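Enquirer: fold the following and give me the result.
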Amino acid sequence: MNSAASLFADHALLPGGWARDVLLQWDGAGRLLAVTPGAAPLPGTGRAAGPLLPGMPNLHSHAFQRAFGGLTEYRGQAQDSFWSWRTLMYRFAAAVTPDQLEAIATGLYVEMLEGGYTSVCEFHYVHHDHDGRPYADDATLSHCLLRAAARAGIGLTLLPVLYQASGFGGTPAREEQRRFIRSTGSMLRLLERLRPLCEAQGARLGLAPHSLRAVPPDSLREALAGLAALDAQAPVHIHVAEQMAEVDACLAWSRQRPVDWLLDHAPVDGRWCLVHATHMSPAESGRAARSGAVAGLCPTTEANLGDGIFDVPGWRAAGGCWGVGSDSHAAVNAAEELMALEYSQRLRTGQRNVGASDTQRFVATAMTLEATAGGARAAGRAVAGLAPGQCADFVVLDAAHPLLDGLPSPDAMLSAHVFASHRGTAIESVWAGGQRRVHGGRHVLHGEASRALVAARRTLAATPLG
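Expert: Coordinates of the predicted model:
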């Protein structure tokens with residue numbers, strides 16, 4: 001076997017659970033050729049510094065919002081909500097420039113890798129210049145994201161967002177949404193333009209109808225048909241049932257709840273990611289789970305925005321698949337999302353260890369495996385874990401970390417990483433596409449990318465938001 005690289009781990013978390021003495025081998029394209037438990041290290045093969053985990057796909061990101069963190073954590077009215085936060089976010093989105101977006105995204109993607117994410121689904125809806133007119137190169141801001149991902153070395157699923165209305169029934173878009181708006185034809189032309197660029201970089205291209213309130217039914221049908229003609233297997237992501245106000249508005253418009261409407265009017269299947277899907281009825285949840293769609297859960301953002309708590313036990317009981325994303329980037333750490341998700345379920349149910357499964361008694365192990373599988377499906381990329389044919393994306397924990405050292409098993413060490421450490425400090429190295437991007441807990445671009453992000457944020461934060 002002519003493998004380009006290899007790594008040996010005393011313990012590695014394979015799709016079926018933990019295995020001992022695992023030899024990983026991958027080719028020059030960053031694709032795993034063999035994952036062999038019970039092996040001996042090859043001559044010259046490096047040894048992982050601790051338990052080796054599959055890299056986590058981040059299935060939902062709005063990159064520009066990372067620089068917005070901390071700017072909305074004050075009371076602006078008698079009762080703040082998602083909707084008052086959105087008003088402030090729009091003002092921020094109106095100000096960001098291409099150079100600033102690229103700097104923010106690069107810094108964010110470096111941070112994601114340091115936090116255990118090895119790929120990201122970028123839900124990209126700021127398309128145009130400040131006045132709402134297309135740039136001379138209509139793909140300008142998409143180029144910024146592609147360059148940022150390539151520079152950081154993170155795998156990318158680019159999801160240009162179709163956004164046309166401000167409410168159900170085709171309510172005209174608002175002035176502050178002007179940078180987002182595209183006709184369906186314009187979106188399909190953008191996808192045609194981006195497809196070869198994504199393929200050249202190893203990125204995946206999909207489509208994100210923003211939400212049912214933002215995309216009228218005719219446009220949704222036309223866009224999905226156009227996407228299918230371009231790539232019948234392309235991923236489709238959509239915000240749905242995030243807020244009860246959205247559910248109520250959909251009922252008033254269609255006499256159906258949003259997930260029911262979507263399942264009745266769109267070809268929802270395993271290519272789809274239903275982002276948030278927080279407020280589903282039990283019947284909707286069962287239908288959506290059976291469709292094969294992935295529930296895109298963003299626990300730290302959902303908590304930050306007061307969205308509500310997703311019913312994980314009900315979704316899993318129906319056979320539903322799920323993954324995690326950092327969304328607005330209130331936190332940028334894979335383990336942090338898993339911890340927040342488990343704790344929300346404990347608060348909701350009054351029970352502990354809700355995320356454990358019939359086959360995996362340890363919560364962190366069970367959730368890592370499920371989130372990796374769901375995130376891979378949502379990404380439309382071969383990032384489903386440590387198996388031949390998948391990308392060589394993995395995270396190595398530091399077995400000598402004070403909160404991991406001396407623990408009796410890799411299950412216990414992963415549990416300490418998720419529930420007892422600072423979440424990032426126990427990560428020793430991160431590999432994406434067969435390349436070590438993080439070593440000793442730091443990305444090689446950490447300082448440079450952080451400084452550029454800070455400079456962009458400093459300029460944007462000077463713009464009054466409240």
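
Enquirer: go through the least confident helix or strand in the chain by mean pLDDT and flag the buried ones.
Expert: Lowest on mean pLDDT, DSSP states H and E among the helices and strands of the chain sits helix 82-95, with a mean of 90. Neighbour-count burial for helix 82-95 flags 82, 85, 88-95 (criterion: 16 or more other Cβ atoms under 10 Å). (Each C-beta comes from the backbone N, C-alpha and C, glycine too.)

Enquirer: chain center to whichever helix or strand comes after it: distance?
Expert: With elements assigned by DSSP states H and E, the helix or strand that comes after helix 82-95 is helix 98-114. With Cα atoms, centre = their mean, to the nearest Å as the basis, helix 98-114 stands 14 Å off its chain's centre.

Enquirer: as CSV, could you dump the C-alpha coordinates of the next helix-or-strand element following helix 98-114?
Expert: Moving toward the C-terminus from helix 98-114, the next helix or strand (DSSP H and E) is strand 117-124. Taking C-alpha atoms only, strand 117-124 is exported to CSV below (Å, rounded to 0.1, in the frame of the first residue of the first chain):
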residue,chain,number,x,y,z
TYR,A,117,-14.0,21.4,14.0
THR,A,118,-12.4,20.1,10.8
SER,A,119,-15.1,21.2,8.3
VAL,A,120,-17.8,23.9,8.1
CYS,A,121,-21.0,24.5,6.3
GLU,A,122,-21.1,28.2,5.5
PHE,A,123,-24.7,29.5,5.3
HIS,A,124,-23.7,32.6,3.3
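
Enquirer: distance between the least confident helix or strand of the chain and the chain's centre?
Expert: On the basis of Cα atoms, centre = their mean, helix 82-95 sits 21 Å off its chain's mean C-alpha point.

Enquirer: and it with helix 98-114, angle?
Expert: Counting by axes from the mean of the first three to the mean of the last three Cα atoms, to 10 degrees, helix 82-95 lies at 120 degrees to helix 98-114.

Enquirer: helix 82-95 - contacts with which helices or strands?
Expert: If you count contacts as 3 or more Cβ pairs under 8 Å, 6 or more residues apart in numbering; DSSP states H and E, helix 82-95 packs onto no helix or strand.

Enquirer: now stretch 337-356: buried residues?
Expert: Neighbour counts using 16+ other Cβ under 10 Å place 337-345, 354-356 of stretch 337-356 among the buried residues.

Enquirer: nearest to residue 233 among those?
Expert: For the buried residues of stretch 337-356, the minimum distance to residue 233 (Cβ to Cβ) is 26.6 Å, reached by residue 337.

Enquirer: tell me how far the nearest residue to that closest one once chain neighbours are set aside lies from residue 397.
Expert: Spatial nearest neighbour of residue 337, excluding adjacent residues (Cβ to Cβ, 6 or more residues apart in numbering): residue 324 at 4.1 Å. According to Cβ to Cβ, to the nearest Å, residue 324 and residue 397 sit 18 Å apart.

Enquirer: take the buried residues of stretch 337-356 and keep only those in strands.
Expert: Cross-referencing those against strands under DSSP state E gives no overlap.

Enquirer: any idea which element residue 18 lies in?
Expert: strand 17-26.

Enquirer: if you average pLDDT over that strand, what comes out?
Expert: Averaging pLDDT along strand 17-26 gives 98.

Enquirer: show me what it packs onto, helices and strands only.
Expert: strand 5-14, strand 32-36, helix 363-379.

Enquirer: in it, what's buried?
Expert: 18-19, 22-26.

Enquirer: which one of the residues you listed is nearest to residue 428?
Expert: Among the buried residues of strand 17-26, and counting by Cβ to Cβ, the member closest to residue 428 is residue 24, at 15.5 Å.

Enquirer: okay, now the domains of this structure?
Expert: With domains defined by automatic domain parsing, the chain comprises 5-54+388-447, 56-379.

Enquirer: can you give me the helices in the stretch 301-450 of the chain?
Expert: In the stretch 301-450 of the chain, the helices defined using DSSP state H, counting those that start in this stretch lie at 312-317, 334-349, 363-379, 410-419, 446-461.

Enquirer: closest to residue 436 out of these?
Expert: Among the helices of the stretch 301-450 of the chain, helix 446-461 sits nearest to residue 436 (Cβ to Cβ), with 13.8 Å.

Enquirer: report the mean confidence score over that closest one.
Expert: 96.

Enquirer: what does stretch 286-298 give?
Expert: Averaged across stretch 286-298, pLDDT comes to 98.

Enquirer: which residues are contacting that stretch?
Expert: Outside stretch 286-298, the residues within contact range by Cβ atoms under 8 Å, 6 or more residues apart in numbering are 59-60, 237, 259-260, 263, 268-270, 272-277, 280, 310, 312, 315, 318-328, 337, 341, 374-375, 377-378.

Enquirer: who has more neighbours, residue 324 and residue 397?
Expert: Neighbours of residue 324 and residue 397, each counted by other Cβ atoms under 10 Å, are more numerous for residue 324; the result is 31 against 26.

Enquirer: what's the distance between that one and residue 178?
Expert: Distance from residue 324 to residue 178, by Cβ to Cβ: 31 Å.

Enquirer: next one: residue 209
Expert: Taken as Cβ to Cβ, the span from residue 209 to residue 178 is 19 Å.

Enquirer: more crowded one of those two?
Expert: The residue with more neighbours, out of residue 209 and residue 178, is residue 209; 26 against 17, by other Cβ under 10 Å.

Enquirer: isn't that one up against residue 215?
Expert: Yes: counting by Cβ atoms under 8 Å, residue 209 does reach residue 215; the two are 4.3 Å apart.
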